[in-house]
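Colleague: here are the coordinates; sequence isn't available:
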Ligand code: SAH
Ligand code: SF4
Ligand code: F3S
């Protein structure tokens, strides 16, 4: 394979980045790609032609972490093949496994040249130089400086290649210490990015043609800003400012902790048309005893009250959630309380997990671990209920009009794919509009996890949802339970 030459005359290197885990890792991978571009690297989808391979890893469950070691086994073979051709392949592990198991990775996987935790990505170019000089680099400090301040901005071209929707990290880390979770250890303490930096990045995205921004944070609704007069402002105020940016038609945020849903944020759902009526609000369990053991610091009834407040503010809102089954001590009655909560709340979608004991977390040391077959059986029962709700939610759109942001061409020439406000992919006629347009379409049919449109009209100047539709959706949200 011949190496391409960049304008400066130096050989262009290629980087392959594989991303595991949550949306924040997706965003971080993009920022690392941006930083490496300045170092002469171009991203490739073909691992065998990469001069640098980065695995951006997730430590949330045991399976997620174990995947990395098997992937490193495959990479070892590729690296040896390249070495036999006299070509280099540097291998880096980044993300949450890097943070949690830095030294162990170096000891267990000789193929790895560098390990970099999530708070030190701005040191990546320097780490690569050191690794090239023969050092096996481990960078897992919680850096005092703000990595985002030191990472280059994406160019307009880079933003455009990523499409009309974008992620934007506004908050990182977690102080909640749920007893099952590694995130407070892998991502560190809660830190909010400065308001000005967030607004500047959002403006750059909008100017490049991005229409929808999803604000990211482990506890995104813990974002805060203190103004010059010493007043504190929360995520609701940030959303209000973002909604003013020309071109940004849709705003979302994830993931929220129920304890941090302040009035200002709930009111933003009432007031901002750009704020999509779809909220990921994990509760994990419906049993007060388990919520307490998980250190979630609220009861099931608090969650119900919160959902009620949010639905009053935005009647057409739909919810998604996260649930863990088989947390230590979970009895059949505790599990049934989770089923009861799901029935009462009614979800448009939900992620369900078997509890996975994570080294170093309090949950792992608790008594009453639930046998694997019981976890499997509970997971299946919960998933069946959620599937029922999800199917009913999707079917409820048939015969109705919905707004779609067109994201990409479809599989057939006469089709495009867009997203509904509820993140459901919608297949629409190509004549409906171009990528980046928002159109109103009539839904004719559902497919597994997508909707099929029958007709479309442009709706960039959208009127508010009709009262009838708001009512219908709100009723639906309750009756699907
Ligand atoms: N910050 C988010 C969640 C981050 S992790 C929040 O507070 O909701 C994403 C999801 O993974 C969690 O909501 C939880 O449902 C699941 N999860 C985290 N640790 C887990 C573990 N040890 N075993 C099983 N699922 C886990
Ligand atoms: Fe983990 Fe809990 Fe923090 Fe979410 S709030 S990241 S589940 S510790
Ligand atoms: Fe995984 Fe880290 Fe995200 S553990 S879920 S990649 S914050």
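Modeller: Okay, I see it. Because the structure is predicted, anything quoted here is derived from the model rather than measured. Numbers count the residues shown, from 1 in each chain. Ligands and ions are numbered 1, 2, ... in the order given.
Colleague: who are the contact partners of the residue in the stretch 351-481 of the chain positioned nearest to ligand 2?
Modeller: At 8.9 Å from ligand 2, residue 361 is the closest residue in the stretch 351-481 of the chain, using CB to the nearest ligand atom. To be clear about C-beta, it is placed using only N, CA and C from the backbone, and glycine gets the same treatment. Contacts for residue 361 (CB atoms under 8 Å, 6 or more residues apart in numbering) come out as 179, 180, 181, 182, 185.
Colleague: can you pull the pLDDT of the residue lying closest to the second one once chain neighbours are set aside?
Modeller: Okay, so that is residue 180. Leaving out its chain neighbours, the residue that sits closest to residue 180 by CB to CB, 6 or more residues apart in numbering is residue 363, at 4.3 Å. At residue 363, the predicted lDDT confidence score is 98.
Colleague: ditto for residue 153
Modeller: pLDDT, residue 153: 88.
Colleague: not counting its neighbours along the chain, what's nearest it?
Modeller: Distances taken as CB to CB, 6+ apart place residue 204 nearest to residue 153, at 6.4 Å, with adjacent residues excluded.
Colleague: next structured bit after whichever helix or strand that neighbour is part of?
Modeller: Per DSSP states H and E, residue 204 falls inside helix 195-207. Using DSSP H and E, the helix or strand that follows helix 195-207 in sequence is strand 212-216.
Colleague: for the record, mean pLDDT for that next one?
Modeller: In this model, strand 212-216 has an average pLDDT of 98.
Colleague: stretch 135-142 too?
Modeller: Mean pLDDT, computed over stretch 135-142, is 90.
Colleague: do it and ligand 3 meet?
Modeller: No - judged by CB under 6 Å from any ligand atom, stretch 135-142 stays clear of ligand 3, getting no closer than 13.3 Å.
Colleague: buried residues, that stretch. List them.
Modeller: The neighbour-count check on stretch 135-142 (16 or more other CB atoms under 10 Å) flags 137, 138, 139, 140 as buried.
Colleague: which ones among those map onto strands?
Modeller: Members of the buried residues of stretch 135-142 lying in strands (criterion: DSSP state E): 137, 138, 139.
Colleague: around ligand 1, pick out the residues from this structure.
Modeller: Where the chain comes near ligand 1, counting by CB under 6 Å from any ligand atom, the residues are 60-61, 180-181, 183, 218-219, 255, 257, 282, 284, 322, 324, 353, 355-356, 358.
Colleague: show the buried residues in those.
Modeller: Among the residues of the chain next to ligand 1, those classed as buried by 16+ other CB under 10 Å are 60-61, 180-181, 183, 218-219, 255, 257, 282, 284, 324, 353, 355-356, 358.
Colleague: so which of those reach ligand 2?
Modeller: Here is what survives when these are matched to ligand 2 using CB under 6 Å from any ligand atom: 181, 183, 218, 219, 257.
Colleague: how far does stretch 111-120 stretch from one end to the other?
Modeller: Start and end residues of stretch 111-120 are separated by 21 Å (CA to CA, to the nearest Å).
Colleague: give me the distance from it to the chain's centre.
Modeller: Put simply, stretch 111-120 sits 21 Å off its chain's centre (CA atoms, centre = their mean, to the nearest Å).
Colleague: which outside residues touch that stretch?
Modeller: 28, 72, 75-76, 79, 90-96, 98-99, 102, 105-106, 123-124, 127-128, 130-131, 136-143, 147, 172, 186-188.
Colleague: out of those, which end up buried?
Modeller: 28, 72, 75-76, 79, 90-96, 98-99, 102, 105-106, 123-124, 127-128, 131, 137-140, 143, 147, 172, 186-188.
Colleague: the residues you listed in strands, which ones?
Modeller: Among the buried ones among the contacts of stretch 111-120, the members found in strands (DSSP E) are 90, 91, 92, 93, 94, 137, 138, 139, 172.
Colleague: my guess is the fifth one contacts residue 53. True?
Modeller: No - Residue 94 is beyond contact range of residue 53, at 10.8 Å (criterion: CB atoms under 8 Å).
Colleague: need the helices for the stretch 51-200 of the chain, in chain order.
Modeller: Assignment of helices within the stretch 51-200 of the chain using DSSP state H, counting those that start in this stretch yields the ranges 62-84, 95-108, 124-132, 147-150, 156-161, 183-186, 195-207.
Colleague: residue 408 versus residue 93, what's the distance?
Modeller: From residue 93 across to residue 408, the span is 31 Å (CB to CB, to the nearest Å).
Colleague: same question, residue 192
Modeller: From residue 192 over to residue 408 the distance is 33 Å, taken as CB to CB.
Colleague: how about residue 437: what's its closest non-neighbour residue?
Modeller: Closest to residue 437 by CB to CB, 6+ apart is residue 406, at 5.0 Å.
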